[in-house]
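> Below are the sequence and a predicted model for it; my questions follow.
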Amino acid sequence: WMVKQDPPSYFFGTIHVPYTRVWDHVPENTKKAFQMSDNIVFELDLTDPYTISALTSCQLLPKGQTLADVLPRNLYDRLKRHLDYVRSQMPLWLTRSANNPRGFANNLFDAITSNWERKRPVWVMLMVNSLTESDIRSRGVPVLDLFLAQEAEKMTKVTGAVERVQEQCTPLNGLNFSQVLFALNHTLTQQEHYKTSQSKPTYTTDDLIRHYNCGDLDAVIFSQDTTQVPHLGNSSLPPEEAATAQHIDHYFREELIYRRNKRMGERVAQVMHQNPGLSFFFAFGAGHFLGNRTVLDVVRSAGFEVLHVPPDQKLKKHKRPGQRGRVLPDPKVLRNFSQAPNRLNPHQQFDPAFARFLSEHHLTGVRNGLNRLPAPTTTTSSPKHSHFNHLWVRIDTDQQSQSEEPVPTNDRNTKTPEKNIRVWYGLTSSGSANRLAHIRVYELLLVLLVLHFSFRGLLPG
């Protein structure tokens, strides 16, 4: 899509798959728009090490807790058995597409599931949902949006992001505990069914790629890829379970699609209003541009004319601004999300349909698990006195709650799950660290050279 102005700006829908499987199918005019735009904007800055640290921190349980402490024993045992099954199958899944040794499969499994016993149940649910043959075969190559970010860096373009990590994490961590248990059990049951019946998920990564490359934009498929959350509702569920599944699906759709669309669209409009002489290329998940209440709808309501660009349409060259300096500051996105606020009302804490589900169905031991857990609280976050004045969103560390413990950057529990985040996005294990190290070595050499010549001038000839 193109924003009709001088110079024009562009919107491009990405999907969370290896760029090598889709980039050759991306229209040439899209690639040209990317090259002509001086500012490339993403949801998050995946090339920044602080983003990875923050994404890791928000997935962890409070310090000292493990999944064994919070999950019912029956559910925990089933989860372990399923992970053992996936580990045993991964060499077979990988050799179907490439000649990978067994050691590679074990290393990949360890990277994807690293420190899973320290993660919040909702993130374990997402991990379980992604441990399918189709997804496993797609790991290890940079995903499309990360590839674009790396290309933008190579072209020395200004890059930015319109979301903070906490804005993506808080909705997932905000689901109440009984509903998280329901979603995890439902997702695990689905995966167990696929294992025993040899059936396949309704939508696989291969289906997603095929739709994307063919330009067949199915809002249901792309919204699921955008949120990375499985669709729980289906016609085979009993009425009580169907009601709970529908409620959770509605919550995720509202929080991870519609609410984010509004926030992202408003920020995009503000950035373009404040920088009328600059061109922008906004690369967001395709699901944010499809269906109802999209980012495009919000931008249009702000007064911009947004047009769809057919694949064969030629783009006119536009004048590029003479000043190429950085318009926007670097991001500071690291903070602790272990005390994510629960934004649900007290009466929503234990869903009635879920309680009946416990009494009538096969989750033996779940009720005991609930009884030994403290009741979820309904802490609310204090309003932040920050406005979106820059493309990079800063987090004011002075406003951090006193109850929140700072995340130690060298904490082993924090560092270990970073493997999972890096594999998820196709990041190399040390790419960001190496880049920072090279910059620091260069700066140190520069300082030494300055000191060398300064002392030469001070010493007698």
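Done, it's in. Numbers count the residues shown, from 1 in each chain.
> What is the subsequent helix or strand relative to the helix or strand containing residue 51?
With secondary structure defined by DSSP states H and E, residue 51 is part of helix 49-58. Scanning forward in sequence from helix 49-58 by DSSP H and E, the next helix or strand is helix 67-70.
> Name the residues that touch that next one?
Residues outside helix 67-70 that contact it (Cβ atoms under 8 Å, 6 or more residues apart in numbering) are 61, 76, 79, 116, 117, 118, 119, 121, 124, 177, 369, 373. C-betas here are computed from N, CA, C, even on glycine.
> in those, which two residues are the furthest apart from each other?
Largest separation among the contacts of helix 67-70 by Cβ to Cβ: 116 and 373, giving 19.2 Å.
> In three-state terms, label the closest residue to residue 78 other than its chain neighbours for me.
Nearest residue to residue 78, sequence neighbours excluded (Cβ to Cβ, 6 or more residues apart in numbering): residue 188, at 6.0 Å. Secondary structure assignment for residue 188 (DSSP: H, G, I helix; E, B strand; the rest coil): helix.
> thinking residue 188 is in contact with residue 76, fair?
No. At 10.6 Å, residue 188 and residue 76 do not qualify as touching, with contact defined as Cβ atoms under 8 Å.
> just to revisit the earlier point, residue 116 and residue 373: which is more packed in?
Neighbours were counted for residue 116 and for residue 373 using other Cβ atoms under 10 Å; residue 116 has more, 19 against 15.
> show me where the stretch 51-200 of the chain has helices.
Secondary structure of the stretch 51-200 of the chain by DSSP state H, counting those that start in this stretch: the helices cover 67-70, 73-95, 102-112, 121-130, 133-136, 144-154, 165-173, 177-197.
> how deep is the closest residue to residue 172 other than its chain neighbours tucked in, by neighbour count?
Once flanking residues are discounted, residue 172 sits nearest to residue 122: 5.2 Å by Cβ to Cβ, 6+ apart. If you count neighbours by other Cβ under 10 Å, residue 122 ends up with 22.
> Now do stretch 310-327, average pLDDT.
Average pLDDT, stretch 310-327: 69.
> got it, and stretch 265-282?
If you average the pLDDT over stretch 265-282, you get 92.
> Begin at 40 from now on, thanks
All set: I'll call the first residue 40, so the last point we hit is now stretch 304-321.
> Next, the buried residues of that stretch.
For stretch 304-321, burial by neighbour count (16 or more other Cβ atoms under 10 Å) applies to 304-311, 314, 317-321.
> sorry, back to before: would you tell me which of the helices of the stretch 90-239 of the chain gets closest to residue 295?
helix 204-212 (5.6 Å).
> what packs against that closest one?
helix 88-97, helix 160-169, helix 298-313 (3 or more Cβ pairs under 8 Å, 6 or more residues apart in numbering; DSSP states H and E).
> at 6 Å instead, please
Identification of packing neighbours for helix 204-212 by 3 or more Cβ pairs under 6 Å, 6 or more residues apart in numbering; DSSP states H and E yields helix 88-97.
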